[in-house]
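**Student:** Build me a structure from this.
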Amino acid sequence: MGLLTTQLYIAKPTSLGFSDMALTTKWKLWQTRRDHSPLHINGSTVEIVKSTKFLGVHLAEDLTWSLNTSTITKKAQQRLYFLRRLRKAHLPPPILTTFYRGTIESILSSCITAWFGNCTASDRKSLQQVVRTAEKIIGVSLPTITDIYTTRKSNQHRG
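**Tutor:** The predicted structure follows:
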């Protein structure tokens, strides 16, 4: 008897266009197995990809969150430059904290309830490093990335 294998298909529309007055859609797909026959949706072959971005969250074919975390970390680290510039302009800590919350923490916590629970310890450490760096720049303590996740998760259950 053959082995039963499970395939994961995640597809999303990536572009829309008109062809012969009919709406056509290009789909992206990834799966856990590569030896398969092509998948067709509405007559179009589904493109196989290693990762895709959906609603601002990077989804990888292996269902890990490392790509998403590294992208978020990089984007937040780039914003730390502006926080440093504001500190050099001698802005007070409350203004710096407001800037941090609006430009850096918002990046770190984007869709956090969807992905943070399954992050690796290494991914969590890199996210927390951004928070620690911001604390040093501002000179005040800030909520940890785990505290942000816990707060968002509990707020999600209330509403």
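
**Student:** in what helix or strand does residue 134 lie?
**Tutor:** Remark: residue 134 resides in helix 121-138, with elements defined by DSSP states H and E.

**Student:** Now do the helices in this protein.
**Tutor:** Remark: helices assigned in the chain by DSSP state H are 66-88, 93-100, 106-108, 112-115, 121-138, 145-158.

**Student:** which one of the ones you listed lies closest to residue 55?
**Tutor:** helix 112-115 (8.9 Å; Cβ to Cβ). Heads up, the C-betas are built off the backbone N, CA and C, glycines and all.

**Student:** in that closest one, what's buried?
**Tutor:** Within helix 112-115, the residues scored as buried using 16 or more other Cβ atoms under 10 Å are 112, 115.

**Student:** what residue ranges in this protein score low on pLDDT?
**Tutor:** 1-36, 159 (pLDDT under 70).

**Student:** what do you get if the cut-off is 50, keeping everything else the same?
**Tutor:** The chain contains residues with pLDDT under 50 at 1-9, 14-27, 30-32.

**Student:** Of the helices of the chain, which is nearest residue 37?
**Tutor:** Nearest to residue 37 among the helices of the chain is helix 66-88; the distance by Cβ to Cβ comes to 27.6 Å.

**Student:** what's the helix holding residue 134 packed up against?
**Tutor:** helix 66-88, helix 93-100, helix 106-108, helix 145-158 (3 or more Cβ pairs under 8 Å, 6 or more residues apart in numbering; DSSP states H and E).

**Student:** and residue 52, how many neighbours?
**Tutor:** 18 (other Cβ atoms under 10 Å).

**Student:** ok, now how distant is it from residue 148?
**Tutor:** 25 Å (Cβ to Cβ, to the nearest Å).

**Student:** and the nearest residue to residue 83 once chain neighbours are set aside, how many neighbours does it have?
**Tutor:** Computed as Cβ to Cβ, 6 or more residues apart in numbering, the closest residue to residue 83 that is not its neighbour in sequence is residue 137, at 5.2 Å. By other Cβ under 10 Å, 18 other residues sit near residue 137.
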